[in-house]
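1. sequence-free structure coming up:
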């Protein structure tokens, strides 16, 4: 294999790429939330990883490229409150949410084809993995790293850090700075700390996209 150096955000320097199980490489890329048309800024991300995918394949690695589609669970606001973007668009256009999902998934694939990108090996959807999401939330609750509040479940930053975690390390931000910059948002009273974030949100009765969960009869995924 030819040597490849990539920038490591955690160490802040270029490092030799060494797969855990050569010649196999796993590459996960966060795909689009399919509620609207993609724009050039979105495409830049996928072109970057398409280039990496091509090069890793070219130098001899066997790459499993996973790129998800977020078809539920992306809230309109910056905080942990608000309406799902896909549900909101469906209401505006007076169609079913999955019609919105299908339309903009098709558009995304069309645009990717126009840029001559390779399709991923696997393209999972959020709605296709609700069981796994619930199991992941249950594991975090069982380990004391999350808590339920009014039908929603939040990740517990303080407990995570007390157990040796270092929340903010990847971004280079320290916890005190993040706390000082946190804005007051609706729904914060449900949280033990303003930095805690939702990993499963209770859906309001008027939400179109809802799933049963152990914490609330009707919920929407937040992971």
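-> Noted; the coordinates are in hand. Since the structure is predicted, the reported quantities are computational estimates derived from the model, not experimental observations.
2. ok, residue 115 touching residue 44?
-> No: taking contacts as CB atoms under 8 Å, residue 115 lies outside contact range of residue 44: 10.0 Å. The C-beta positions use only the backbone N, C-alpha and C, and glycine is treated the same way.
3. report how many residues lie close to the residue nearest to residue 86 when sequence neighbours are not counted.
-> What sits nearest to residue 86 in space, not counting adjacent residues and going by CB to CB, 6 or more residues apart in numbering, is residue 35, at 4.6 Å. Other residues near residue 35 come to 22 when the count uses other CB atoms under 10 Å.
4. tell me how far residue 35 lies from residue 104.
-> To residue 104, residue 35 is 6 Å away according to CB to CB, to the nearest Å.
5. cool, residue 4 as well?
-> 34 Å.
6. of those two, who's got more company?
-> residue 104 (21 against 15).
7. I'd assumed that one was in a strand, is it?
-> No: counting by DSSP: H, G, I helix; E, B strand; the rest coil, residue 104 is not part of a strand but helix.
8. tell me the pLDDT of it.
-> pLDDT, residue 104: 94.
9. quick one: contacts for it?
-> 32, 34, 35, 36, 37, 38 (CB atoms under 8 Å, 6 or more residues apart in numbering).
10. swap in residue 63?
-> 24, 25, 26, 27, 53, 56, 57, 121.
11. buried ones from those, can you make that a PyMOL selection?
-> Those of those that count as buried under 16 or more other CB atoms under 10 Å are selected in PyMOL with:
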select buried, resi 25+27+53+56
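12. quick one: the helices in this protein?
-> 40-58, 85-93, 97-114, 130-142, 157-162, 175-181 (DSSP state H).
13. which non-adjacent residue is nearest residue 4?
-> residue 17 is the one closest to residue 4 (CB to CB, 6+ apart), at 4.3 Å.
14. whoops, I mixed them up, residue 30
-> Using CB to CB, 6+ apart, the nearest residue to residue 30 is residue 68, at 6.5 Å.
15. over to residue 105?
-> Nearest to residue 105 is residue 34, by CB to CB, 6+ apart, at 4.8 Å.
16. that older thread, for the residue nearest to residue 86, give me the pLDDT.
-> 89.
17. got the buried residues for stretch 140-151?
-> The neighbour-count check on stretch 140-151 (16+ other CB under 10 Å) flags 140, 141, 145, 146, 147, 148, 149, 151 as buried.
18. in strands, which of those residues fall?
-> Among those, DSSP state E puts 146, 147, 148, 149 in strands.
19. isn't the third one up against residue 201?
-> Same thing as residue 148. No: contact between residue 148 and residue 201 fails when scored by CB under 8 Å: they sit 11.6 Å apart.
20. low-confidence ranges, the protein, go.
-> For the chain, residues meeting the criterion pLDDT under 70 lie at 73-83, 177, 180-188, 217-223.
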